[in-house]
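>>> Sequence plus predicted model, see below.
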Amino acid sequence: AHYARAWVVWNDTQPTKATMTFWKIGFHTSSNVEALLNKEDVRLEELLDEDEIIQECKGRNRQLLNYLCKPEVIAQLFCFITEPPDPCADDKVKVKFPLVSVEVLCSENDMLYDTIFNEPLLLDGFFAFVQRDPPLDAKRAGYFSKVFAALSKRHLSEVIAYFRTRPGLFDSFLKNIAEYSVMELLWGFIEDIGRRFDQDDWNWIAGLNLVAALVDRLSPEYPFEAHANCAELLANLSKRFFCLVHFPPIEALKSGAIAEKLLHAALAMEGSSFHHALTVIIELLSFMRVSPRMCNEEDREEDIKAPPIRDDATDSSTSSSELPEYTTPLSELSPIVQGVCRHLEELCALLRKPPTLNSLQTTMGILSPPLGSARLKAVELVDAVVRLGWKDVNAHLMRVDVVSLLLDLFEEFPWNTFLHNWVEGAIVFAMKGKDDAFRMSLVESNALHKRLAQFCEKEDIGCPDGKERRRGFYGHVIRMANALLEVAKTHDSVRVVLEGSEEWMSFVNGKLAEWNGKEAVVLGGERPLPAELGNESDDDDEEELARMVLGLDSQDQGSVLTADQAQRFMQFLYRKQFAPDMFTFTDDDGCDLEDEGDMDAFEATAEDRMKADSGAGMFAEEEVSPQLFEWCDERTKDPWSRPETDPLKAFTPGDNGGDGDDGDDGDDGGDDGDAWVAFPSVEQGRIEEVGEEEEG
């Protein structure tokens, strides 16, 4: 049968078979797809029902592709994806055929895509799906998004050219932004445009006013899903392209008009709109600090631009570049920073008097009222503002006394870890920042040190289960107190205030010292050895390791080896266990062993050494000669940086018989096939191998 099938290739009566591939000669069984394609009246549904169709399509089956590239067939594939099936249809029509159609259209086949873009009516039918009124069918929106991504990935220019001929089409995507698949589709499309660095494409997207349209949909009149998707898309734009110069969506995000729209949506104080508008603002502020966030690594180096200062900022007297960075005037900062500072009082009013919320039953008792997501988001925004680090911004924070508000909330909600994290982060950053006035206000105006001491004097809270538990913020209090002590070591003004407070000193010498003492206790009573013997560790650990190697008492300071030598000696033992051939002695090694006992000690495996009594250590001091330790100290240094005369070049596996002087002579007198070690050639600057096979 195989010969008969091969004969068909040369049969004059079957000229179309002359292009048969190797696999079709008889080493691969024929699929049902080929049999169906040989029928004159084959239907698309029959092909989609075959399991091999996707494999055949990706395998570039010419006969199959010729069939699939017919415009009427592509139109039917689009129909399976975008049109809801008849309710009476079977499961294949409802589930299988749409899924297989998606895979066929996403098979990255240029023949299919060329046909699609050469027939605008096909694209009109495809994009008719997104022009429907919301809500879209979620499953079909997912199918549509996947096919669109495949088209734009390989033919972005053609997709943009099509959009240019359909001016209102892009608005249809924004109309259905509440559908998550549509948001993903838009983000992928915009990201591809941003990475192309094509000015014509950027000019086109600038004319769409995309950012303004997305911010408009953060208003309360739109549903929660639209708020979430618009906020995610805007945040993604910031993360990916904030440092990209002149990219229209980013230029719009930095503008004063968009800043006002975002703040207006946030200050509406209406549930989801407030929450997601603040999410975008916080993401933008993270790039406007004195020490801004690093831009995405994928951004081009020449497109990196320092974000905080506006391009049109001017100064008639003193240039801002001549001043310390954090003293840049507020008028020269980004509009979003200026807007947030103008509305700090409204945010503080929200923290003082939150929206009415129902009581909340928790395992620790009833919260009435609870903190609420609105106040928690506002605290996150305050943390972002504190981390900006600008002096004028800090002045606004001190004016509205935001630190006292944070400490009050910190005390009022002792079990809210999210709140505690934001408050701790903001206060510690203010302590360690450059602004001395802000730092001093913490201990003078806000009496931070006294508040911390008072938090720890609070009695335990009675819980519904009848037990009393200490408040959940103690760990955060300890960290803030320790951070304040560290700041006092380098700032005398802070130290003077702290030492003048009897309450603070009593707390430091009492409970704080007790807690720090407990935290300093090593788990298990002693510090473990490093996970890998080759890792670097602290000097104290190295000294302890040296004593263990030498079998010395823990109090004995008369170590024969230095800590650095002990570290390299342990590296030697580790390598000796897993690569013993690298450390075989030869006469050329330059190591003069005093007696046979030294050799026996060195040739013992690491496992045998570890079996020694714990009190005696791994080696008794008198068992190993000083020459042996000296040899080990030299031997375990970096072999790749040694001079040409280093004895490492003479290493051979056992009794190789070669002279060891040149890597090209490894077959002289030795066993064939002993290609066992690589060493550097300093003069040639390359690695050569000793014991190379003759055939090699």
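Right, received. Where do you want to start? Numbers count the residues shown, from 1 in each chain.

>>> tell me which element Leu419 falls in.
Counting by DSSP states H and E, the element that carries Leu419 is helix 417-432.

>>> Give me the residues contacting that helix.
The set of residues external to helix 417-432 that reach it, using CB atoms under 8 Å, 6 or more residues apart in numbering, is 371, 376, 379-380, 382-383, 386-387, 394, 403, 406-407, 409-410, 413, 438-439, 442, 448, 472-473, 476, 479-480, 483-484, 487. Any C-beta I mention is one placed from the backbone N, CA and C, and that applies to glycine too.

>>> The helix or strand that comes right after that helix vs helix 417-432, what angle?
With elements assigned by DSSP H and E, the helix or strand that comes after helix 417-432 is helix 436-443. Here helix 436-443 runs at 130 degrees with respect to helix 417-432, directions being taken by axes from the mean of the first three to the mean of the last three CA atoms, to 10 degrees.

>>> Summarise which helices and strands helix 436-443 is packed against.
Here helix 436-443 is seen to pack against helix 391-399, helix 417-432, helix 492-499 when contacts are counted using 3 or more CB pairs under 8 Å, 6 or more residues apart in numbering; DSSP states H and E.

>>> quick one: which of those is nearest Glu179?
Ranking the helices and strands packed on helix 436-443 by distance to Glu179, with CB to CB as the measure, places helix 417-432 first at 29.7 Å.

>>> Show me what counts as buried in the closest one.
Along helix 417-432, the positions that meet the burial threshold by neighbour count (16 or more other CB atoms under 10 Å) are Leu419, His420, Trp422, Val423, Glu424, Gly425, Ala426, Ile427, Val428, Phe429, Ala430, Met431.

>>> What distance do you get for the third one to Gly188?
Yep, that's Trp422 we're talking about. When distances are taken as CB to CB, to the nearest Å, Trp422 and Gly188 turn out to be 32 Å apart.

>>> same check, this time on the fifth one
In this view, Glu424 and Gly188 are 38 Å apart by CB to CB.

>>> follow-up on the earlier one: buried only: go through the contacts of helix 417-432 for me.
Neighbour counting by 16+ other CB under 10 Å classes 371, 376, 379-380, 382-383, 386-387, 394, 403, 406-407, 409-410, 413, 438-439, 442, 448, 473, 476, 480, 483-484, 487 among these as buried.

>>> Just want the angle from the helix holding Leu419 to helix 391-399.
The directions of helix 417-432 and helix 391-399 differ by 120 degrees, with the same axes, to 10 degrees as the criterion.

>>> pLDDT on helix 417-432, on average?
Computed over helix 417-432, the mean pLDDT rounds to 94.

>>> And the helix or strand encompassing Lys518, what's buried?
Element membership of Lys518 [criterion: DSSP H and E] is helix 513-520. The neighbour-count check on helix 513-520 (16+ other CB under 10 Å) flags Trp515 as buried.

>>> For the residue nearest to Ile81 when sequence neighbours are not counted, give its distance to Ala235.
Beyond its immediate neighbours in the sequence, the residue positioned closest to Ile81 (CB to CB, 6 or more residues apart in numbering) is Tyr143, lying 4.5 Å away. Going from Tyr143 to Ala235 by CB to CB gives 26 Å.

>>> what do you get for Gln338?
21 Å.

>>> what does His476 give?
Note on His476: its distance to Ala235, by CB to CB, is 27 Å.

>>> can you check Lys450 too?
As judged by CB to CB, Lys450 and Ala235 stand 39 Å apart.

>>> Equivalent analysis for Asn61, please.
With CB to CB as the criterion, Asn61 and Ala235 are 44 Å apart.

>>> again, but for Trp187
When distance is defined by CB to CB, Trp187 is 10 Å away from Ala235.

>>> Over to Asp192?
18 Å.

>>> how about low-confidence regions in the protein?
For the chain, residues meeting the criterion pLDDT under 70 lie at 1-30, 291-325, 459-466, 468, 525-696.

>>> What segments of it are strands?
Assigned by DSSP state E, the strands in the chain fall at 360-362, 365-367, 461-462, 468-469, 677-681, 686-690.

>>> ok, the nearest residue to His246 once chain neighbours are set aside - how many residues close by?
Closest residue to His246 in three dimensions, ignoring its sequence neighbours and counting by CB to CB, 6+ apart: Trp202, at 7.5 Å. Look at Trp202: counted by other CB atoms under 10 Å, it has 19 neighbours.

>>> Equivalent analysis for Gly207, please.
By other CB under 10 Å, the burial measure for Gly207, its neighbour count, is 12.

>>> mind checking how far it is from Pro167?
To Pro167, Gly207 is 10 Å away according to CB to CB.

>>> swap in Leu186?
Using CB to CB, Leu186 is found at 17 Å from Pro167.

>>> now Ser31: how far from Arg470?
Distance from Ser31 to Arg470, counting by CB to CB: 71 Å.

>>> higher neighbour count, those two?
Comparing Ser31 with Arg470 by other CB under 10 Å, the one with more neighbours is Ser31, at 17 against 12.

>>> about what we covered before: for the helix holding Leu419, C-alpha coordinates in CSV please.
Taking Å, rounded to 0.1, in the frame of the first residue of the first chain, the C-alpha atoms of helix 417-432 are listed here in CSV:
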residue,chain,number,x,y,z
THR,A,417,-3.5,45.5,59.5
PHE,A,418,-4.0,47.3,56.2
LEU,A,419,-4.5,50.6,58.0
HIS,A,420,-1.5,49.9,60.3
ASN,A,421,0.8,49.2,57.3
TRP,A,422,-0.1,52.5,55.6
VAL,A,423,0.3,54.5,58.7
GLU,A,424,3.6,53.0,59.7
GLY,A,425,5.0,53.4,56.2
ALA,A,426,4.0,57.1,56.0
ILE,A,427,5.4,58.0,59.5
VAL,A,428,8.7,56.1,59.1
PHE,A,429,9.2,57.8,55.7
ALA,A,430,8.6,61.2,57.3
MET,A,431,11.1,60.3,60.1
LYS,A,432,13.9,59.4,57.6
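
>>> so it versus helix 492-499, what angle?
Helix 417-432 and helix 492-499 are oriented at 120 degrees to each other (the same axes, to 10 degrees).
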